[in-house]
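**Q** Can you look at this prediction? I've put the sequence above it.
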Amino acid sequence: MTSGPGSETRRFISGVVEGFYGRPWTMEQRTELFKRQQKWGLNTYLYAPKDDYKHRTYWRDLYSAEEAGQLIALISAAQRHGVDFVYAISPGLDVTFSNPREVAALKRKLDQVKDFGCRSFSLLFDDIGTEMCPADKRAFGSFAHAQVAVTNAAYRHLGEPETFLFCPTDYCDAFCTPSVSQSSYLHTVGQKLLPGIDVLWTGPKVVSHKISVESIVEVSSVLKRAPVIWDNIHANDYDPQRLFLGPYKDRPTELIPKLKGVLTNPNCEFYPNFVAIHTLATWCKSSPDGGQRDADMGDEARDTCYRPQDALSLALTDWLPEFLIADRPGARPKEDSSDVEPVQTGVGESSYVPGPEENPLYTAAPLTLNDLKLLSDLFYLPYEHGPTAGAMLQELDWLQGHGGAGEVARVYAAYRGDGTAEWRARARQFDDMCEAVVQMFNRLSNASNRRILYDLYDYICDIKSGVGLARAHVKALGGQGQPPAQLVSDDPEPWGFRGGLSGEFQRMLPCHGNRDLFRRPPVTQVYCIRPYCPEDKDQVRRIFKATQCPGGGAAPSMMQPPLICDGLSAGELPPSPQCALVMEDGGGVCGYALALIDAKQAAAEIQRTVRDAVLEDFPSLVTVRVLPHVTDPSPAKRMIGHLLSCIRSNGSRGAFCELRQSDWRMLNFYTDATSFKPIKIAGAPRDVVAMGTTL
Ligand code: GDL
C-alpha cells in the first residue's frame with residue numbers, strides 16, 4: 001500500500017504486530033490473519049510474541065527442524081497472501097552488547113530465519129532493564145549507543161533489508177526523560193541508527209488514548225525519521241477482564257502522511273480482533289483531508305472521511321456471518337437460507353421430532369447485528385465505554401442517586417420533593433437494557449462458530465454477571481424483592497465477591513475506583529488522604545460541628561438526640577487503631593473517616609440500647625464527614641474503602657453508620673458511592689437512618 005496523495009513511491013507499513021504477552025496465536029490463526037489482511041489491504045505482519053521462547057527468553061537458540069518447518073510454512077503463507085512477514089527478535093533481557101560472540105549468536109539466529117525465506121526483520125528492546133553490565137559500560141557511551149551498534153550491525157549483516165524495524169526501550173513519550181525533545185537516549189537513536197531502519201513508537205503512552213499530529217512531528221524530528229506506530233489501543237494482555245471490540249479511534253487520519261506506518265498489537269484472543277483489524281484497515285484507506293468532495297469528482301466519488309462509528313458498523317456487518325459458520329464436527333450447521341437474516345439452527349433429516357404432547361425442541365434464536373453492536377459497546381476501548389454501556393452506567397447512577405422506591409427514597413422524596421414515577425419508568429428502561437445483555441449472551445452462546453464463542457466466553461459471562469448484580473440492585477431499590485443475595489448474604493456464592501485475590505487487593509487499596517471511566521474525579525483538585533493523628537482532633541471536631549445541621553432547617557445539634565458515632569467525632573472516644581483517616585486539600589483538613597471495630601461501647605456511651613442481633617451482624621461503626629465544598633465523592637469513598645478493609649481484616653462481619661434524615665448529602669454519598677444499605681435499629685430516634693454493610 002502506498003499512502004498519501006502524490007506519494008506513490010512511499011510504502012506505508014500497515015497491519016498487525018503479534019507483540020503481546022501470553023499465549024501466542026496458532027499457525028492456523030496466523031494463516032487466517034494473512035487471508036484477512038490481504039482482503040482488507042493490510043500489508044505487514046510483525047512476528048513478536050513475547051512469550052514465544054525463542055523470540056525473547058531463549059533468543060540465542062536456533063529453531064528445531066519441526067519449528068523450522070512451521071515457520072517456513074508460515075512465511076510462505078504470508079508471501080502467498082501478499083503480506084510482508086517481519087521476523088522480530090528481542091535479545092535485550094540478557095544480551096551483552098559488547099561481546100562479539102553475542103553479536104555472532106544474534107546474526108546466526110537471523111540467518112536461520114533468512115534461510116526460511118524471511119526478508120524483513122526487527123530488533124526489539126522494549127520492556128527490559130536499562131542498567132548496562134560493567135563490560136557494556138566500558139565499551140559504550142550509553143545504552144542507546146549499545147543498542148544502535150548491535151542493530152546497525154545486524155541490519156548490515158542481513159544486507160540492509162527494505163524493511164527493518166527497531167523498537168527502542170523508550171518507546172513512548174511517557175518513558176522519555178525528561179521529555180521527548182530532551183531525551184538523550186532518543187537523540188542518540190535518531191543520530192546513530194542507520195537511515196534505512198525504521199523506529200517503532202507507541203505514542204504518548206504505552207496504551208495511548210490519543211495520538212496527535214504534533215506529538216508525531218516532535219518525535220520524528222528527534223528520531224530523524226517518521227515512526228511506525230506500534231498501537232496498543234486494542235491490546236488487552238495487561239488485564240484479564242478486558243477485551244477491546246471498539247473501533248480504531250482517536251488517531252486523526254492527518255497522521256497518515258506523517259507516519260511510516262501503523263501496526264496494531266491487538267487482543268490476545270485471535271478471533272475477537274476482527275473489529276480491531278478491520279477498522280484499522282478502514283482508517284488506513286481513509287483520506288487525511290477528511291474526504292471532502294471535490295466539485296469535479298462527480299457522484300461516484302467515495303466519501304473517504306474516517307468516522308469510527310461507521311467503520312465499526314462496517315466491521316460488525318462483515319463479522320456477523322462468521323458467527324454462523326459451524327467450525328467443529330457436530331456443531332449445528334447453518335440452515336440453508338438465502339435470507340439476509342441468518343439462521344443458526346437447522347433441523348437436519350435425522351433430527352428428533354417431538355410428539356404432540358412432548359417438549360418442543362429448543363430453538364436458538366439467531367445472533368443479530370444489534371447483538372454485536374451491544375457486545376462491542378460493552379467491550380469498547382481502554383479509555384471509553386461504548387454508547388450503550390455509557391448509558392447503562394448513567395442510568396444506574398441516576399437511579400441510585402434518586403433513591404428508588406424504598407426507604408431511602410422516602411427520605412429523599414421528603415427533602416427534595418422528588419416523585420417516584422420517573423424513577424420507576426427509568427428503572428424499567430434500565431431493566432430492559434440489562435435484559436438485552438442477557439439475550440445477547442444467550443444468542444451468542446448458541447452461535448455455530450464455537451471458536452469465536454470460546455474466545456469471547458469468559459468476557460461475556462463476566463459482563464452478564466456484573467449486569468445481573470446491578471439489575472437486582474435496582475429491583476431492590478425499587479422495593480421489588482429482596483436485595484440480591486450475592487450483595488448482602490453472609491455466605492454468598494463466589495460470584496457474589498468477584499475478582500479473586502486480585503479483586504481483593506484492589507478493594508483494599510484506597511485508590512480503588514478512582515480511575516473509573518464513567519466517574520472521573522475533577523482533575524484540578526488534589527486531595528491528600530493520610531492517617532489521623534492526635535493533633536487532628538480539633539480539626540475533626542470543627543468539621544463535625546460545621547456539618548451538624550446539613551439540611552439547613554433542622555434543629556440545632558444540642559436539641560437533637562445524639563448519634564452513636566457522635567462520641568467518635570467529638571473526640572470523646574478514640575477510634576480503633578488504623579481506623580482513622582483525614583483528607584486534606586489546599587485549605588487544610590476537609591474531611592475525616594473514623595471507625596470502631598467494636599461499637600458496643602459507643603452505643604453504651606449514649607445509653608442507647610442497640611439490639612444484640614444488630615451488633616452481631618454489624619459489630620463495627622463508621623463515620624465519615626466531609627466539608628460541603630468538597631463535591632467529589634471519590635476521596636471519601638477511598639477513605640471508607642480503606643476503613644472497611646481494615647475492619648474486615650480485624651475479623652468483623654459488618655459495619656453500620658447512623659445519619660440524620662436531614663443529612664441528605666451524606667445519605668446520597670452512602671447510597672451512591674458505598675455498599676451501605678438501610679437497616680433497622682429498633683429504638684433509634686425517628687429522624688435517624690441507619691445503614692449497614694456486610695463484609
Ligand atoms: C508493552 C509491550 C507490549 C505489550 C503492551 C501492552 C510495547 C512496545 N511493548 O509495553 O508487548 O503487549 O505493552 O501490555 O508496547
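**A** That came in fine, so what should we check first?
**Q** In its sheet, which strands sit next to the strand ranked longest in the chain, and in what direction?
**A** Counting residues, the longest strand in the chain under DSSP state E turns out to be strand 588-596. With DSSP bridges as the test, strand 588-596 is paired with strand 580-585 (antiparallel), strand 620-626 (antiparallel).
**Q** Including mean pLDDT, mean neighbour count and distance to T420, could these go into TSV?
**A** Every residue, glycine included, has its C-beta placed from N, CA and C. As requested, these are exported to TSV (pLDDT from 0 to 100; neighbours: other Cβ atoms under 10 Å; distance: least, Cβ to Cβ, whole Å):
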stretch	mean pLDDT	mean neighbour count	distance to T420
strand 580-585	93	21	34
strand 620-626	93	26	27
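**Q** Which element, helix or strand, includes V614?
**A** If you go by DSSP states H and E, V614 is part of helix 612-617.
**Q** From the contact counts, what lies against that helix?
**A** Counting by 3 or more Cβ pairs under 8 Å, 6 or more residues apart in numbering; DSSP states H and E, the packing neighbours recorded for helix 612-617 are strand 688-694.
**Q** follow-up on the earlier one: please list the outside residues in contact with the longest strand of the chain.
**A** Residues from elsewhere that reach strand 588-596 (Cβ atoms under 8 Å, 6 or more residues apart in numbering): 527, 532, 536, 539-540, 543, 565, 568-569, 573, 575-576, 579-584, 602, 620-627, 629-630, 635-636, 639-640, 642-643, 646-647, 655.
**Q** so where is the protein shaky, pLDDT-wise?
**A** Across the chain, the stretches falling below the confidence threshold (pLDDT under 70) are 1-9, 289-303, 328-350, 403-419, 481-490, 510-514, 519-524, 549-559, 607-612.
**Q** residues from it in reach of the ligand?
**A** The chain has residues 19-21, 50, 126-127, 167, 171, 202, 206, 230, 232, 235, 237-238, 265 near the ligand, with proximity defined as Cβ under 6 Å from any ligand atom.
**Q** Please repeat the previous calculation with a cut-off of 5 Å.
**A** Selection of the chain residues close to the ligand by Cβ under 5 Å from any ligand atom yields G19, F20, D126, Y171, V206, N232, A235, D237, Y238.
**Q** which residues touch the helix or strand where T31 lies?
**A** Element membership for T31, per DSSP H and E: helix 27-40. Counting contacts by Cβ under 8 Å, 6+ apart, the residues outside helix 27-40 that touch it are 15-16, 18, 25, 42-43, 45, 70, 73-74, 77-78, 80-83, 270-271, 274, 277-278, 281.
**Q** Give me the buried entries from those.
**A** Under a neighbour-count criterion of 16 or more other Cβ atoms under 10 Å, the subset of these counted as buried comprises 15-16, 18, 25, 42-43, 45, 74, 77-78, 81, 83, 270-271, 274, 277-278, 281.
**Q** So which of those residues sit within helices?
**A** L74, A77, A78, F274, I277, H278, A281 (DSSP state H).
**Q** Which pair of those spans the longest distance?
**A** When these are compared pair by pair using Cβ to Cβ, the farthest-apart members prove to be L74 and H278, with a separation of 22.0 Å.
**Q** Ramachandran angles for N265?
**A** In terms of degrees, to the nearest 10, the main-chain angles of N265 are phi -100, psi 90.
**Q** doesn't G19 make contact with it?
**A** Yes: in this structure, N265 sits in contact with G19. The criterion is Cβ atoms under 8 Å, and the distance is 4.3 Å.
**Q** picking up where we left off before, and the ones in helices among the buried ones among the contacts of helix 27-40, which is closest to the ligand?
**A** I277 (15.6 Å; Cβ to the nearest ligand atom).
**Q** if we can go back for a sec, mind giving me the packing neighbours of the helix or strand following the longest strand of the chain?
**A** Beyond strand 588-596 in the direction of the C-terminus, DSSP H and E gives the next helix or strand as helix 600-605. When contacts are defined as 3+ Cβ pairs under 8 Å, 6+ apart, helix 600-605 packs onto helix 566-569.
**Q** Show me how far the helix it packs on is from its chain's centre.
**A** Distance of helix 566-569 from the chain centroid (Cα atoms, centre = their mean, to the nearest Å) equals 40 Å.
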